[in-house]
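[1] The sequence and its predicted three-dimensional model are supplied below.
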Amino acid sequence: MSGELHSDKKTRREVLQGVMALSANGFVSAKMAAQEVAGPMKAKMPKTNHVAVIGAGAFGGWTALNLLRRGTKVTLVDAWGPGNSRASSGGETRVIRGTYGANQPYSKMAARSMELWRENEKRWSRKLFFPIGVLWMAAEKDGPFERGSLPALKESGIPFEELSNNEIAARWPQINLEGVSWGIHEPHSGFLSARLACQAVLEAFLSEGGEYRQAEVLAQDLDGGKWNAVSVGGGSDLKADEYVFACGPWLGTLFPQTIGKRIRVTRQEIFFFGTPAGDERYTEKKMPVWGDHREHFMYGIPGYQWRGFKVADDTRGPEFNPTSGERVVSADSLKRVREYLGFRFPGLKDAPLLESRVCQYEESPDEDFIIDRHPARDDVWIVGGGSGHGFKHGPALGEMVAGLLIEGKDADRRFRLARFEKP
């Protein structure tokens with residue numbers, strides 16, 4: 001492996017073809033695809049409706065903002081606020097990468113999201129995306145996941161390098177590469193500032209004319225379909241022309257029949273370790289985001305804003321109640337992560353634990369997103385199933401969902417609820 005960077009400069013026609021491919025997959029509309037190449041133009045908008053978006057996390061916040069920008073009146077509702085400590089979109093950082101295996105839409109979605117993160121950063125004069133690179137360490141020489149990712153990365157236009165074990169060692173000698181056969185390096189991928197990004201989206205939404213209400217949407221017979229408005233805390237109702245429920249781990253509670261256990265909420269533990277004084281080898285200056293794909297998938301982010309070296313085990317934890325669950329890490333998990341840290345990063349052996357947190361995944365059975373109309377209501381959309389990888393896709397997903405509502409289209413079959421029905 002030569003470490004040669006794969007990044008094709010595209011002609012105008014190739015750019016158009018690529019964006020039209022996104023349009024065909026539902027990520028952007030055909031009109032928006034044309035604008036991508038032809039430049040900004042004033043588009044004719046459909047009659048403005050009122051959409052209520054329930055949930056101000058990565059999925060709901062970006063959907064609300066995209067609807068608003070396309071001329072729709074939007075009311076955004078969240079029980080505890082965007083990026084709060086109970087939310088799946090809370091916490092300090094999230095990885096953004098394009099390595100996803102073969103035959104999936106997420107590499108293209110990640111590529112589109114990276115464009116939108118950059119675009120909105122510039123618009124807001126606010127740094128949220130940190131492209132320090134992502135290193136994916138592979139145990140198997142010809143593992144189907146890693147090998148399958150390469151064509152998808154190239155097709156998506158995400159720059160990448162194939163690196164041998166020796167090439168990785170030369171660049172990042174602070175990593176013990178025992179058990180690592182080769183790697184994929186995405187030099188322009190990296191990490192996102194999660195909680196701050198959710199707040200930035202809300203601030204933009206408000207400044208551009210959206211309405212935000214911090215209130216609890218009460219559990220009612222939403223599945224029955226015979227309701228005229230959403231009941232919120234304080235005895236008030238919220239009535240709209242269309243509704244988007246992007247409530248993450250609470251979707252199963254609000255829709256026990258339609259969703260129920262189709263979204264499994266699991267407890268996930270995150271650890272931040274202290275690095276040696278004056279040592280930059282474990283900061284974003286000297287290390288990329290990394291993933292270690294062996295019997296357990298471990299991943300981490302170097303010291304963002306001096307918060308410590310982040311390490312987490314992607315293995316799904318036990319079921320968890322996101323509302324009332326205690327968020328204290330377990331001694332057993334800390335012990336396992338410490339052992340791993342000392343093995344893979346010998347310079348951090350016995351590093352002190354600085355911070356820890358318990359978050360959650362809200363996982364669908366196949367780890368694909370859920371984006372579909374409610375079976376009893378054409379005016380009700382359910383958007384969720386982030387499955388631990390959803391945050392990075394917020395901008396592209398919000399763009400896609402807004403387009404589906406405004407243009408009256410159905411989501412891609414991959415995301416629909418019908419895939420869970422028995423044949």
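    Here it is on my side, so go on. Numbering: from 1, shown residues only.

[2] list the buried ones in stretch 320-340?
    320, 322, 329, 333, 336-338, 340 (16 or more other Cβ atoms under 10 Å). Placement of C-beta: from N, CA and C, glycine included.

[3] same check, this time on stretch 178-192
    180, 182-192.

[4] got the end-to-end distance for that stretch?
    Its first and final residues considered, stretch 178-192 spans 29 Å by Cα to Cα, to the nearest Å.

[5] Now go through the buried residues of stretch 178-192 and say which are in strands.
    Members of these lying in strands (criterion: DSSP state E): 182-186, 190-192.

[6] show me the contacts for residue 171.
    residue 163 (Cβ atoms under 8 Å, 6 or more residues apart in numbering).

[7] what about 10 Å?
    3, 133, 135, 161, 163, 183, 185, 286-288 (Cβ atoms under 10 Å, 6 or more residues apart in numbering).

[8] And it, its phi and psi?
    Dihedral pair for residue 171: phi -80, psi -40, per degrees, to the nearest 10.

[9] Neighbour-wise, which one of the contacts of residue 171 leads?
    residue 183 (28 neighbours; other Cβ atoms under 10 Å).

[10] so what's that residue bridging to?
    Beta bridges link residue 183 to residue 137, residue 163, judged by DSSP bridges.

[11] Wait, it touches residue 290, no?
    Yes - with contact defined as Cβ atoms under 10 Å, residue 183 reaches residue 290; the gap is 9.0 Å.

[12] Now for these two: what residues contact both?
    With Cβ under 10 Å, 6+ apart as the test, residue 183 and residue 290 both reach 135-137, 168, 172, 175.

[13] Just put these in TSV and tack on pLDDT and distance to residue 143.
    Converted to TSV, those look like this (pLDDT from 0 to 100; distance: Cβ to Cβ, whole Å):
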residue	pLDDT	distance to residue 143
135	98	15
136	98	10
137	98	11
168	98	16
172	98	20
175	98	19
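
[14] can you redo those residues as JSON lines with distance to residue 376?
    Converted to JSON lines, the shared contacts of residue 183 and residue 290 look like this (distance: Cβ to Cβ, whole Å):
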{"residue": "135", "distance to residue 376": "46"}
{"residue": "136", "distance to residue 376": "42"}
{"residue": "137", "distance to residue 376": "46"}
{"residue": "168", "distance to residue 376": "52"}
{"residue": "172", "distance to residue 376": "53"}
{"residue": "175", "distance to residue 376": "52"}
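
[15] Of the residues you listed, just say which sits nearest to residue 127.
    residue 135 (21.8 Å; Cβ to Cβ).

[16] Which strands or helices does the host helix or strand of the closest one pack on?
    Here residue 135 sits within strand 134-138, counting by DSSP states H and E. Helices and strands touching strand 134-138, by 3 or more Cβ pairs under 10 Å, 6 or more residues apart in numbering; DSSP states H and E, are helix 144-156, strand 160-164, helix 165-171, strand 182-186, strand 289-293, strand 297-301.

[17] Swap in 8 Å and give it another go.
    helix 144-156, strand 182-186, strand 289-293 (3 or more Cβ pairs under 8 Å, 6 or more residues apart in numbering; DSSP states H and E).

[18] Out of these, which is closest to residue 235?
    strand 289-293 (46.2 Å).

[19] circling back: export the contacts of residue 171 to TSV and tack on distance to residue 417?
    TSV is the format used below for the contacts of residue 171 (distance: Cβ to Cβ, whole Å):
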residue	distance to residue 417
3	44
133	37
135	36
161	39
163	41
183	37
185	37
286	45
287	41
288	37
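
[20] sorry, back to before: take the helices and strands packed on strand 134-138 and write them to CSV, including distance to residue 118 and mean pLDDT.
    Shown next, in CSV, are those (distance: least, Cβ to Cβ, whole Å; pLDDT from 0 to 100):
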stretch, distance to residue 118, mean pLDDT
helix 144-156, 15, 97
strand 182-186, 15, 98
strand 289-293, 17, 97
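
[21] Residue 359 should be in a helix, yeah?
    No - applying DSSP: H, G, I helix; E, B strand; the rest coil, one finds residue 359 to be strand, outside a helix.

[22] and it, what pLDDT?
    On the pLDDT scale, residue 359 is placed at 96.

[23] Then residue 225?
    88.

[24] Is it in contact with residue 374, as I believe?
    Yes - because the distance of 7.0 Å satisfies Cβ atoms under 8 Å, residue 225 is recorded as touching residue 374.

[25] shared neighbours of those two, anything?
    With Cβ under 8 Å, 6+ apart as the test, residue 225 and residue 374 both reach residue 380.
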